[in-house]
Structures are given as structure tokens and as C-alpha cells.
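> sequence below, structure please.
(2 chains)
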Protein chains: 2
Amino acid sequence: MRNRFDQELSALNNELIEMGALIERAIDDASRALLEKDPALARQAIGQGARVDEKEKQIERRCLRLLLQQQPVAADLRMISTALKMITDMERIGDQAEDISEIALRLIDDGCAGSLEHIPQMAWATVRMVTGAVDAFVARDLDRARAVIACDDIVDDLFNQVRDDIVRLIREDGADGEEAIDLVMVAKYFERIGDHATNIAEWVVFSITGEHGNERVI
Amino acid sequence: MRNRFDQELSALNNELIEMGALIERAIDDASRALLEKDPALARQAIGQGARVDEKEKQIERRCLRLLLQQQPVAADLRMISTALKMITDMERIGDQAEDISEIALRLIDDGCAGSLEHIPQMAWATVRMVTGAVDAFVARDLDRARAVIACDDIVDDLFNQVRDDIVRLIREDGADGEEAIDLVMVAKYFERIGDHATNIAEWVVFSITGEHGNERVI
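Below you'll find the predicted structure:
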């Protein structure tokens, strides 16, 4: 019985790593689509969305089955409940990579992608956060998870800088309203991705220590 | 044993209803703060955020305890897994009500809140969706849940109209960039609230029928 359960847990772990790889790829493709003005990459990122959703459902079903058929305790229960929460944040990152890619396609069409200096910085910072959160999960690395959490403020600051850039863009004569709104949306999506990466890192900390946001959950 | 379990389930149900009431109040306060230019209401909505977060943690702990200590099957397991998913969407609605309120405070300070015709429509539509989703859960009302899901397209259309309004605003001379960005953010938050209300309604359908998005999960 225990053996079968261990196999299931190990399969769950592998699925989470696969889902992590999918979202890393999606956000990396979306960022490069935007910065390199590459519509093929944008379409690729949009295509990843369905695979991320499918993986989320698969993991969710496995978690519910494990909770139902077994009676996991302590570290195992923590692992399963962490998985259930993590996949929600991972799925949102996939959604936001799709949203960014759709805007990238529009901006590329209009010939105005990547015209603000702080957006590439946001893209790099959030791609690093997502990769860091997934790596921290894979390696059970507390320090790495905490480093991701510390990055969230940097991304929030970058969002405010993009916002100021766009306000300036609008004030200057000839600013295109559509482009301004698209760019602020892209920045907002990156900021949200930073939030979700932070949540994932916090769940990694929880799965290792049992503490979430300075309190014990179970 | 069964009796104790039933009591726990009933307590869980009551907590979900309380959390529903909290987010209904938060989004209603945030909308009215914006439309009636009332900073006191905005501050009240921001204050609700912490209560929503606390309630989410409380419900989450109860769900994990129930999954761990009991071995719920069929309808009970569905109820508990629905609760675990619903509270994530509910908590986000609380967050977004806070975000809207913070922008409302800034817009009120600058004397320019509520200057677009489609934003009040978005506010009314999303408040109705949130109320409908919570009511559908409380009354186990499938029709009501489906009516909420059908409203999501209306809110998405309204978002596009607000977007167009703002593009026009920016094109006209003298448009204030900060105001434009604040308004588009408010519209985006309302659109996201509509998405979360739709998710909640889909979980209500799942808790009644066992079907989620046209497929059986467990």
C-alpha cells in the first residue's frame, strides 16, 4: 500500500515539474515574442495555454484521488495540499503568458512593440522569478524560494516605472491611446506573474517547513 | 462520528456563506466609493480585505482537517474540494475590491472619478455576478449559477467599450495620462472580478452535478 502511495506521490511530483517546465516555456516565449517582435513565438505561447490547463486538471484529479483513497499525514498531506494550491498559480501564469502574447501580436501588427525601456526589465525579472520558483520546488531549495519572494518588490517597482513611462508617453503629443493601454496591460500582466511566482515560492517554503506567511497551516 | 462530520460540514457551509457576504460587501463598497466619490466607503472596502484573507485561511484549515481526519466520499468530497477552489476565487475578488478602492481614493483626490459611462455599467454587472454566484451557492441553485456564467461575456464586452472610451479620451487634447491608466486598471479589475464570479458559479455547478466545464472531475 505504502509503495503504491509513494509511486503516486512521485508521479505527482513529476507532473508538477512538467507543469513548471510548461509555464516557464510559455512566459519565456511570450516575453521573447514581445521583445523580439516575433509573431511565431507569440502563437507558440498561446498554444501552450491549453497544455497548461490540461496538466492542471490532471494534477488536480490526482491530488483529489490521493486525498480520497489514502489518508496522507504530515509531510505527505503538506505535499498534496501544496500541489493543489500551486497549480492554481501556475495555471494563471499560463493564462497571463497567453494574454501578453495576444497583445504582442497586436503590437507587432501595429509596428510598435517593445518601445518602453522598463518592459524588457520586467520581462527578464519575471521570467527569472518563475524559473526560480519552479527550480526551488524541484530542488526543495528554501534559499532559492526565499530569493524569489524577495524579488517581488523589484517587479512592483518596475510596474510603477512603466506606468510613469506611459503617462509621459500619453502627455507627449501624438501618443497612440491603443498602444499606451496595451503596454500598461502587458506591464500589469508581468506584475501579476511576479505575484503568482511569489505565491508558488511561498508554497514551496510551506511544503518544506510547514509555515506559510509566518504561521503554521497544518 | 457521522454526526460530528455533518456538524463540521455545516460549519464549513456557514463559513463559505460568511466569506461570500464579506466579498459582496467589499465589491459593493468599492463600486459605490468609485461612483459616488466617497473616500470613506473606499477605506471601508480596503479594511474588508484583511477579513476576507483571514476567513480564507480559516476555511482552508477546516477543509484540510476534514480531508485528513475523515475520509469523505462522493458528494462530501465534492463539497470540500469545491470549497478549497472557491475560496481562492473569493479571496481574489476581495483583493480586487481593494485595488479598485485604492484607485478610487486617488481619482477622488484628483477630482476625476466616474467620468466614463461604461464603468458604472461594469460595476453594476459585476456586483450582480458576485451576488448571484454567492446566492447560487447558498441556495444550491443550478439555474442561478448558469445565469452568472452567461453574464461573463457581457462584462468582457463592457471592458472593450471602456477601453475604446479611454483610447478616445487619450486622443482628445488634454487627456490626463494618469487618469486614463487608472480608469483602464479599474475596468480590468472589474473584468477579472467577473471572471472570478464565473469560476465560483462553475464550482457551484460542479458541487451540484459533479461536472466541471463539461467533464467529470471525480
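
> give the buried residues for the biggest helix by length in chain A.
Counting residues, the longest helix in chain A under DSSP state H turns out to be helix A:74-109. Neighbour-count burial for helix A:74-109, with 16 or more other Cβ atoms under 10 Å in any protein chain shown as criterion, is recorded at A:76-105, A:107-108. Placement of C-beta: from N, CA and C, glycine included.

> ok, stretch A:48-58 next?
Buried positions in stretch A:48-58, judged by neighbour count with 16+ other Cβ under 10 Å: A:48-49, A:51-52, A:55-56.

> I'd like the mean pLDDT over it, please.
Average pLDDT, stretch A:48-58: 92.

> please apply the same query to stretch A:135-149.
The pLDDT scores in stretch A:135-149 average 94.

> need the CA coordinates for that stretch. PDB is fine.
Taking C-alpha atoms only, stretch A:135-149 is exported to PDB below (Å, rounded to 0.1, in the frame of the first residue of the first chain):
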ATOM      1  CA  ASP A 135      13.700  25.300  -9.500                       C
ATOM      2  CA  ALA A 136      13.100  25.900  -5.800                       C
ATOM      3  CA  PHE A 137      10.200  23.400  -5.900                       C
ATOM      4  CA  VAL A 138      12.200  20.800  -7.900                       C
ATOM      5  CA  ALA A 139      15.300  21.000  -5.600                       C
ATOM      6  CA  ARG A 140      13.300  21.600  -2.400                       C
ATOM      7  CA  ASP A 141      15.600  24.700  -2.000                       C
ATOM      8  CA  LEU A 142      14.400  27.000   0.700                       C
ATOM      9  CA  ASP A 143      17.000  29.700   0.000                       C
ATOM     10  CA  ARG A 144      16.000  29.900  -3.700                       C
ATOM     11  CA  ALA A 145      12.300  30.100  -2.800                       C
ATOM     12  CA  ARG A 146      13.100  33.000  -0.400                       C
ATOM     13  CA  ALA A 147      15.200  34.800  -3.100                       C
ATOM     14  CA  VAL A 148      12.100  34.600  -5.400                       C
ATOM     15  CA  ILE A 149       9.900  36.100  -2.700                       C
END
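
> list the buried ones in that stretch?
Here stretch A:135-149 shows A:135-137, A:144-145, A:147-149 as buried, counting by 16+ other Cβ under 10 Å.

> that stretch: how far from the chain's middle?
Offset of stretch A:135-149 from its chain centre (Cα atoms, centre = their mean, to the nearest Å): 14 Å.

> now swap in stretch A:127-144 and tell me
12 Å.

> next one: stretch A:21-31
Centre-to-centre, stretch A:21-31 and its host chain are 9 Å apart (Cα atoms, centre = their mean).

> same question for that stretch, mean pLDDT?
Averaging pLDDT along stretch A:21-31 yields 93.

> which residues touch it?
A:41-42, A:44-45, A:48-49, A:51-52, A:55, A:90, A:93-94, A:96-98, A:100-101, A:104, A:123-124, A:126-127, A:130-131, A:134, A:193 (Cβ atoms under 8 Å, 6 or more residues apart in numbering or on different chains).

> can you map out the helices along chain A?
A:2-35, A:39-69, A:74-109, A:118-139, A:142-171, A:177-209.

> and these as JSON lines, adding distance to residue B:199?
Formatted as JSON lines, these follow (distance: least, Cβ to Cβ, whole Å):
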{"stretch": "helix A:2-35", "distance to residue B:199": "19"}
{"stretch": "helix A:39-69", "distance to residue B:199": "13"}
{"stretch": "helix A:74-109", "distance to residue B:199": "10"}
{"stretch": "helix A:118-139", "distance to residue B:199": "22"}
{"stretch": "helix A:142-171", "distance to residue B:199": "24"}
{"stretch": "helix A:177-209", "distance to residue B:199": "16"}
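
> extract the C-alpha trace of stretch A:96-109 and format it as PDB.
What follows is stretch A:96-109, C-alpha atoms only, in PDB (Å, rounded to 0.1, in the frame of the first residue of the first chain):
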ATOM      1  CA  GLN A  96      -1.100  35.600 -18.400                       C
ATOM      2  CA  ALA A  97       1.500  34.500 -20.900                       C
ATOM      3  CA  GLU A  98      -1.300  34.000 -23.400                       C
ATOM      4  CA  ASP A  99      -2.700  37.500 -22.600                       C
ATOM      5  CA  ILE A 100       0.700  39.000 -23.200                       C
ATOM      6  CA  SER A 101       1.200  37.100 -26.400                       C
ATOM      7  CA  GLU A 102      -2.200  38.300 -27.800                       C
ATOM      8  CA  ILE A 103      -1.200  41.900 -27.100                       C
ATOM      9  CA  ALA A 104       2.300  41.200 -28.600                       C
ATOM     10  CA  LEU A 105       0.600  40.100 -31.800                       C
ATOM     11  CA  ARG A 106      -1.400  43.300 -31.900                       C
ATOM     12  CA  LEU A 107       1.600  45.500 -31.100                       C
ATOM     13  CA  ILE A 108       3.800  43.700 -33.800                       C
ATOM     14  CA  ASP A 109       1.000  44.300 -36.300                       C
END
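
> touching chain B at all, stretch A:62-78?
Yes: against chain B, stretch A:62-78 shows contacts by Cβ under 8 Å from any Cβ of the partner chain at A:64-65, A:67-68, A:71-73, A:77.

> distance check, the residue nearest the centre of chain A against residue B:194.
By Cα atoms, centre = their mean, the mean C-alpha position of chain A lies nearest to residue A:93, the distance being 3.6 Å. Shown here: residue A:93 relative to residue B:194, a distance of 20 Å by Cβ to Cβ, to the nearest Å.
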